[in-house]
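Colleague: mind folding the following:
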Amino acid sequence: MNPEDEKYASQLIERMKQQNQMMQPIKMPERKPEMLDGGSNPINEQAALASIANSQPSAPAPGIFAECPQCGIMHPPLNPGQKCPVAKVEIKEAGLKDEDVTKLVVDLRNIAISQIESKGIKDGNKLFKHITIEFMKSLEAYKE
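Modeller: All right, here's what the predicted structure looks like:
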C-alpha cells in the first residue's frame, strides 16, 4: 500500500470516529418538577386535576367543513341546489318517512345486485342509466 492510500485511509477512519462520537446519545439534564403557577410551587397532582375540573371549556375547534343546514352534520359542501343525501326525508302527504325511503333503496339495491349476478351483466353503468330512465318514466306515468 502506498503512503497516499494509508494517509487517505487514516483520514477516513478519523472522520468515522468523529461521526460516531456525534451519534452517541446525549445525556439530557435532569428536569426539575413542573411548576403549576410558573413560580415556586411544584405541581401537585390533585391541584392540577382540580384546576382542570374548575376551568371553563374552550370553544370547540372550528372544523374544516361547516355544518350542513339540511342534515346538521359537518361534511363537504354540496353543489348549489343539490339535496343532501344524508338529510332525513319526510313526506307527510304520502305518509312516508326516511325509513320507508331507505328500505325502498335497499330493496332496489338487492334486486339490482341479484340481477347483475344472475344475468352476468358486464357494464353496470349502462344498466344503472337504463334503470334510472325507466324509474323516472314509471314515476312520471304513475297516477292514483
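
Colleague: tell me the first helix or strand C-terminal of the worst-scoring helix or strand of the chain on mean pLDDT.
Modeller: One helix or strand of the chain scores below all others by mean pLDDT, DSSP states H and E: helix 45-54, with a mean of 72. On the C-terminal side of helix 45-54, the closest following helix or strand by DSSP states H and E is strand 90-91.

Colleague: and that next one, which strands flank it?
Modeller: For strand 90-91, the paired strands and their directions (DSSP bridges) are strand 96-97 (antiparallel).

Colleague: list the contacts for F65?
Modeller: 74-77 (Cβ atoms under 8 Å, 6 or more residues apart in numbering). Placement of C-beta: from N, CA and C, glycine included.

Colleague: out of those residues, grab the one that's most surrounded.
Modeller: H75 (15 neighbours; other Cβ atoms under 10 Å).

Colleague: what's the separation between it and V89?
Modeller: The gap separating H75 from V89 is 17 Å, by Cβ to Cβ, to the nearest Å.

Colleague: returning to what we had before: flag every buried residue along the least confident helix or strand of the chain.
Modeller: Of all the residues in helix 45-54, not one is buried under the rule 16 or more other Cβ atoms under 10 Å.

Colleague: what's it packed up against?
Modeller: Contact partners of helix 45-54 among helices and strands, from 3 or more Cβ pairs under 8 Å, 6 or more residues apart in numbering; DSSP states H and E: none.

Colleague: kindly format the C-alpha coordinates of that helix as PDB.
Modeller: Output of helix 45-54 as PDB, limited to C-alpha atoms (Å, rounded to 0.1, in the frame of the first residue of the first chain):
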ATOM      1  CA  GLU A  45     -51.500  16.100  41.000                       C
ATOM      2  CA  GLN A  46     -54.700  16.800  43.000                       C
ATOM      3  CA  ALA A  47     -54.200  20.600  42.500                       C
ATOM      4  CA  ALA A  48     -53.700  20.000  38.700                       C
ATOM      5  CA  LEU A  49     -56.800  17.900  38.400                       C
ATOM      6  CA  ALA A  50     -58.900  20.400  40.400                       C
ATOM      7  CA  SER A  51     -57.500  23.200  38.200                       C
ATOM      8  CA  ILE A  52     -58.600  21.300  35.100                       C
ATOM      9  CA  ALA A  53     -62.000  20.400  36.500                       C
ATOM     10  CA  ASN A  54     -62.700  24.100  37.500                       C
END
